[in-house]
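Trainee: got a structure for you, letters missing:
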């Protein structure tokens, strides 16, 4: 979806057409990174998660720097889009060269396929494991056809999560952590072109600083834990971002240094959140088909309730001062 809608977007004949294609690409293709990350985390053991995450993010940074370099060189957005989206079509080859997640196959009861992939991995890595080690998986396949009690079959992990106050609180906190990381990380990336100097070079530097940030993740996450790392990097990011507003405008290099330091710290936080969130929630084979609709409806319901706290402004002059804006609530008809 990224490749299809991205490539077609280069032929846009109007701004509206470009917006529609951009929306479709994000709506149907934005899950590519998250899916790749989940697959990678399911392919490695606990000790390999941080290292795997570091490798993924390092390649991600190379993509960002390539984007900046190509933009600087081509100076043609249509040609740029065609070049950067063309490799996405190589994803079709994954149908033949990429193995499915063993954890996912097991969760779906496709045990024989999971065992075949494990045997292929053992052969590739020249590891000899006896059939006794894999026999429990074969037993799962044999027991798959046995009758499952109705209360277990109908059990929903979503309902279980709703009943757990610990999970509810964790969802709220982790959601806020993720929103904060996304807001600051992409905000700093996009806003880098407004800094003094060459905008392409600035964007490239802001991307490059993620490489040492991800290697710092590799060093600190397993040594100091997830919580300490997250708290430290969030506080550091806050201090650095706020300090940007205090620097005199005549300073030349200091704003860029602090800006890059802020991107460095939020990158460490972002990488840590990816790993942390994947570890604090259970992996379940059960799912709830109507979960997306419930989320959509819940969000709009909350939004409608929040509107009650705002004043009605029909046929009301635009306020010019804070006092006039405050009076809107006092004069609003019930």
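Mentor: That came through fine. Note that the structure is predicted; figures quoted are calculated from it, not measured. Numbering: from 1, shown residues only.
Trainee: so which residues of this structure form strands?
Mentor: For the chain, strands defined by DSSP state E do not occur.
Trainee: pLDDT weak spots in it?
Mentor: With pLDDT under 70 as the threshold, the chain has low-confidence stretches at 137-162, 164, 166, 249, 280-306, 308, 310-326, 328-334.
Trainee: ok, 50 please
Mentor: In the predicted model, the chain carries pLDDT under 50 at residues 147-148, 150, 152-154, 286-293.
Trainee: could you list the domains of it?
Mentor: When the chain is parsed into structural domains using automatic domain parsing, the resulting residue ranges are 2-98+164-280, 292-331.
Trainee: just those: most buried one?
Mentor: When the domains of the chain are scored by mean count of other CB atoms under 10 Å, the highest mean neighbour count falls to domain 2-98+164-280 (a mean of 15). Bear in mind the C-beta positions are built from the backbone N, C-alpha and C, glycine included.
Trainee: got JSON lines for the domains of the chain, with distance to residue 106 too?
Mentor: Rendered in JSON lines, the data for those read as follows (distance: least, CB to CB, whole Å):
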{"stretch": "domain 2-98+164-280", "distance to residue 106": "10"}
{"stretch": "domain 292-331", "distance to residue 106": "24"}
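Trainee: select, out of these, the one closest to residue 105.
Mentor: Go through the domains of the chain one by one with CB to CB and the one that ends up closest to residue 105 is domain 2-98+164-280, at 10.1 Å.
Trainee: could you pull up the contacting residues of residue 100?
Mentor: 113, 117 (CB atoms under 8 Å, 6 or more residues apart in numbering).
Trainee: just residue 178 next, same as before
Mentor: The neighbours of residue 178, taking CB under 8 Å, 6+ apart as the test, are 273, 277.
Trainee: any idea how far it is from residue 268?
Mentor: 15 Å (CB to CB, to the nearest Å).
Trainee: quick one: residue 262 and residue 241 touch, right?
Mentor: Yes: in this structure, residue 262 is within contact of residue 241 by CB atoms under 8 Å, at 5.1 Å.
Trainee: now for the two: what residues contact both?
Mentor: Each of 184, 188 lies in contact with both residue 262 and residue 241 under the rule CB under 8 Å, 6+ apart.
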